[in-house]
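Trainee: show me how the following folds:
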Amino acid sequence: MQDSPFLPGVPAEAVTAALRRSPGNELASGKFASPESSAALAANAFGWFLTRPEALPPLPGVPMGQPQEVEIEAEMHFPWRGGRHPWLDAALTTATTLVGVESKRYEPFRPGKLVEFSEAFDRDWGAGMAPFDRLRRALMTGQGGYRSLDAAQLVKHAFALHHQAQKRGRGAVLVYLYAEPSQWASGKPVDPARLNLHREEVARFAKAVHGASVTFAPLTWAGLLAQWQTDPALATHAAEIARRFGPL
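Mentor: Have a look, this model is predicted:
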């Protein structure tokens, strides 16, 4: 009998509905069932909290407060009509803060993507977003120098979070939640040099956008699960994530 795509306690119908709303086509395409699926990891980890947001503690090292609402596959609209808008793996709403979570598993160790920004981004985002806008301009001219980190995606997420947080009267935090796997699902080792490059680029990105209106908070999956493992209410869920997805 094939295992369910969802871990024990995850509300399957709610998670399935969220996945079907998103443009990734994860379920129908079969990508969700891949042993290297990042979407499956994020949807199972945070989907468990959809019906119990009060059980999710503030993420370690993230200025946020206690979550009141948890969403997965959350669309964050830009301040314009038409076009595509960012989809975050999770959105956590507290009394003071809108937290967007972008999760990565194996993506940083695959070939990079082409950097693209539409003309719609060339606007006044306000002084508080100047660090992100400077980075956007550098990336457009090929001066960003990011080969492992998808810096362009993070910049777009930050602008969208900024807009949505302002509309909701909250502060904004962009959490970059990433794994550091030692091997691919096939058993082939992940190149340690790629792991080191990714860490260096995450640190450089954080320095570049420090002080912006959207706080950038990098966090490893290992660090998040270590927190959950110490919570009696979450220890079983953390153990199930480790069992299903292996070392992160």
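Trainee: residues in contact with the one helix or strand residue 175 maps to?
Mentor: Following DSSP states H and E, the helix or strand that holds residue 175 is strand 171-178. Under the contact criterion C-beta atoms under 8 Å, 6 or more residues apart in numbering, strand 171-178 has outside partners 42, 59, 62-64, 89, 96-105, 108, 154, 157-158, 161-162, 164-165, 198, 202, 213-221, 224. Where C-beta positions appear, they are placed from N, C-alpha and C, glycine not excepted.
Trainee: so is the closest residue to residue 96 other than its chain neighbours in a helix, a strand, or just coil?
Mentor: Among residues not flanking residue 96 along the chain, residue 65 sits closest, at 5.4 Å (C-beta to C-beta, 6 or more residues apart in numbering). Secondary structure state of residue 65, per DSSP: H, G, I helix; E, B strand; the rest coil, is coil.
Trainee: which stretches of the protein form strands?
Mentor: Remark: strands assigned in the chain by DSSP state E are 69-75, 87-93, 97-104, 171-178, 214-220.
Trainee: got the angle between the third one and strand 171-178?
Mentor: Orientation of strand 97-104 against strand 171-178 (axes from the mean of the first three to the mean of the last three C-alpha atoms, to 10 degrees) gives an angle of 20 degrees.
Trainee: mean confidence for strand 97-104?
Mentor: In this model, strand 97-104 carries a mean pLDDT of 98.
Trainee: note down every partner strand of that strand and its orientation.
Mentor: Note on strand 97-104: by DSSP bridges, its sheet partners are strand 87-93 (antiparallel), strand 171-178 (parallel).
Trainee: could these go into a markdown table alongside distance to residue 244, mean pLDDT and mean neighbour count?
Mentor: Shown next, in a markdown table, are the strands paired with strand 97-104 (distance: least, C-beta to C-beta, whole Å; pLDDT from 0 to 100; neighbours: other C-beta atoms under 10 Å):
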| stretch | distance to residue 244 | mean pLDDT | mean neighbour count |
| --- | --- | --- | --- |
| strand 87-93 | 16 | 96 | 23 |
| strand 171-178 | 17 | 98 | 24 |
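Trainee: on that earlier part again, are any of the contacts of strand 171-178 buried, and which?
Mentor: Neighbour counting by 16 or more other C-beta atoms under 10 Å classes 42, 59, 62, 64, 89, 97-105, 108, 154, 157-158, 161-162, 164-165, 198, 202, 213-221, 224 among the contacts of strand 171-178 as buried.
Trainee: go ahead and flag the most central residue of the protein.
Mentor: The residue lying closest to the centre of the chain (C-alpha atoms, centre = their mean) is residue 102, at 1.0 Å.
Trainee: surely it is in contact with residue 154?
Mentor: Yes. With contact defined as C-beta atoms under 8 Å, residue 102 and residue 154 form a contacting pair (6.6 Å).
Trainee: quick check: which ranges of the chain have low pLDDT?
Mentor: Scanning the chain for pLDDT under 70 picks out the ranges 1-2, 24-30.
Trainee: recalculate using a threshold of 80.
Mentor: In the predicted model, the chain carries pLDDT under 80 at residues 1-3, 22-31, 33, 82-83, 112-114, 143-144.
Trainee: would you list every one of the helices in it?
Mentor: Ranges of helices in the chain, per DSSP state H, are 12-21, 26-29, 38-47, 130-140, 151-168, 192-208, 221-229, 235-245.
Trainee: turn these into a markdown table, including distance to residue 121.
Mentor: Shown next, in a markdown table, are those (distance: least, C-beta to C-beta, whole Å):
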| stretch | distance to residue 121 |
| --- | --- |
| helix 12-21 | 25 |
| helix 26-29 | 27 |
| helix 38-47 | 25 |
| helix 130-140 | 6 |
| helix 151-168 | 7 |
| helix 192-208 | 17 |
| helix 221-229 | 30 |
| helix 235-245 | 34 |
